[in-house]
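In: sequence unavailable; structure follows:
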């Protein structure tokens, strides 16, 4: 799956590096599904937009 | 010596900031070939600052307890006119045009900057086995890592190559090296200390923190660094905390939570034993110890990775495209992983983050602080990518960050204090965390523990 995504997005990750990453990404994906498989529609993400942000000096 | 010991003598003219700085520079010269704690040493500038401090103090212009005290800054704090590499070959010639707010504040306090301390490349890892500047070595056993990513700052402090040091903590980068090197490390509340002029890793997780030989010193440094900064959007409006540490260690009115889940499940026996012994010391000081269960803590450890991965990749996206060959393999692997996280997963992780904050706030209604091991392991060997815990192999980075990561998501203040050693003599850290913006209680509990345990007074024999 990761190889297909990498190619489709043009990430240019060498094959050997992608192979090494695949089990890590599999585990992360599985852990993420477990942790996120619930209705969160009424919870605001902690990131807020502030229209009054100052510009960087 | 600690700041608490040095400051009155500096003020009284009994200790010279110039001599103190010269001694620190001498120790740097002696230990740099072995420990490699520094990337840049600022000998001339440090001596000039020390001479200025000495002149000011002699003429009655004493600025406070950090006046004339030499320190090291992790090499991701911007220093005007001085290279700031972030531990990266790509940034080796980057010279900022301005100082980070914390560098400004320490200059105003009269502290003397000795140099820029080594770190894991881009602060993205726990080993400090830096492919561009060489490994920083743990002074307790130079075949081992100091922890990271602020490992240069703790290795320098543990060997008295400075009196205190600055670090940053995105997923444990203050508490892990503090634990592995046997020094005190504080990650204050998110927003408590300005991040202006600090090279970023994860913009919703990055905290500035610091290291010292005692909790009282950590409190003093916090007083100089904390407070609002209009140049940093994440800076909180709270004024610096008022911290009153008692002369007599007593915790009679305090309730301390000890997790009954997660934190003692996969852990080296020596670490568990030292932490349980520390809890008994706290009980002996009069604290009431209560079992607490931290809901879904395992989830939050995964979710903090889900947040950090894309945030860090976003910081380095352009470098990833154009400078792949100049990034070390472990950091490159993490930056690549960040390209595969869905935006919806990232945002849902930020939603669940709110639940973590609420869960912890509820728990901390019932107790004043919660104590845990800082790390389940002591310092691994340089080059080891896995560790063995109870016969089970585990990725060294994931093991080292397991107990600390979630608190970056929660943003609450967390302290690591030395609480023992393992059978090889390697330091073990006790993590103490509390309510948002209540560093005072966290530090008070750490200070009382330190008074009766004395583990912070041990130094490596190099």
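Out: That came in fine, so what should we check first? Here the structure is a predicted model, which is why all the values come from computation and not from measurement.
In: please point out which parts of stretch B:426-443 sit buried.
Out: Residues of stretch B:426-443 classed as buried: B:426-443 (neighbour count, 16 or more other C-beta atoms under 10 Å in any protein chain shown). Bear in mind the C-beta positions are built from the backbone N, C-alpha and C, glycine included.
In: quick one: which of those residues sit in helices?
Out: Counting by DSSP state H, the buried residues of stretch B:426-443 place B:439, B:440, B:441, B:442, B:443 in helices.
In: helices or strands up against the longest helix along chain A?
Out: In terms of residue count, the longest helix belonging to chain A (DSSP H) is helix A:15-36. Secondary-structure packing of helix A:15-36 (3 or more C-beta pairs under 8 Å, 6 or more residues apart in numbering or on different chains; DSSP states H and E): helix A:2-9, helix B:297-322, helix B:329-337, helix B:343-366.
In: can you redo those as a markdown table with distance to residue B:378, mean pLDDT and mean neighbour count?
Out: A markdown table is the format used below for those (distance: least, C-beta to C-beta, whole Å; pLDDT from 0 to 100; neighbours: other C-beta atoms under 10 Å in any protein chain shown):
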| stretch | distance to residue B:378 | mean pLDDT | mean neighbour count |
| --- | --- | --- | --- |
| helix A:2-9 | 34 | 95 | 13 |
| helix B:297-322 | 20 | 96 | 20 |
| helix B:329-337 | 21 | 98 | 19 |
| helix B:343-366 | 27 | 95 | 17 |
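In: for the residue nearest to residue B:224 when sequence neighbours are not counted, phi and psi?
Out: The shortest distance from residue B:224 to any non-neighbouring residue, by C-beta to C-beta, 6 or more residues apart in numbering or on different chains, is to residue B:109 (4.5 Å). When read as degrees, to the nearest 10, the backbone of residue B:109 gives phi -80, psi -10.
In: what about residue B:109, how many residues nearby?
Out: 19 (other C-beta atoms under 10 Å in any protein chain shown).
In: same deal with residue B:50?
Out: 25.
In: that one contacts residue B:21, doesn't it?
Out: Yes - contact criterion C-beta atoms under 8 Å: residue B:50 and residue B:21 qualify, at 3.9 Å.
In: common neighbours of the two, please.
Out: B:70, B:112 (C-beta atoms under 8 Å, 6 or more residues apart in numbering or on different chains).
In: other SSEs contacting the helix or strand hosting residue B:224?
Out: Counting by DSSP states H and E, the element that carries residue B:224 is helix B:215-225. Packing partners of helix B:215-225 (3+ C-beta pairs under 8 Å, 6+ apart): helix B:3-11, helix B:101-108, strand B:184-187, strand B:207-212, strand B:414-421, helix B:439-453.
In: can you mark which positions in the helix or strand hosting residue B:23 are buried?
Out: Assigned by DSSP H and E, residue B:23 belongs to helix B:17-35. Using 16+ other C-beta under 10 Å as the test for burial, helix B:17-35 gives B:17, B:18, B:20, B:21, B:22, B:24, B:25, B:27, B:28, B:31, B:32, B:35.
In: immediately after that helix, which helix or strand?
Out: strand B:38-41.
In: can you list contacts of that next one?
Out: B:25, B:28, B:32, B:72, B:75, B:82-83, B:85, B:87, B:114-119, B:133, B:152, B:156, B:161.
In: from those, which ones fall inside helices?
Out: B:25, B:28, B:32, B:152, B:156.
In: next, the contact list for the first one, please.
Out: The contact partners of residue B:25, by C-beta under 8 Å, 6+ apart, come to B:41, B:43, B:46, B:47, B:114.
In: likewise for the third one?
Out: Taking C-beta under 8 Å, 6+ apart as the contact definition, residue B:32 lies against B:38, B:41.
In: ok, the last one next?
Out: Contact criterion C-beta under 8 Å, 6+ apart gives B:28, B:35, B:37, B:38, B:72, B:117, B:162, B:165 as the residues in contact with residue B:156.
In: farthest pair in those?
Out: Spatial extent of the contacts of residue B:156 (C-beta to C-beta) is set by the pair B:35 and B:165 at 13.1 Å.
In: near chain A, which residues of the stretch 151-300 of chain B show up?
Out: Residues of the stretch 151-300 of chain B lying near chain A by C-beta under 8 Å from any C-beta of the partner chain: B:204, B:230, B:231, B:233, B:296, B:299, B:300.
In: who's in contact with the spatially closest residue to the last one that is not a sequence neighbour?
Out: Sequence neighbours aside, residue B:406 is the residue nearest to residue B:300 in space, at 4.1 Å (criterion: C-beta to C-beta, 6+ apart). Each residue near residue B:406 by C-beta under 8 Å, 6+ apart is listed here: B:297, B:300, B:301, B:304, B:356.
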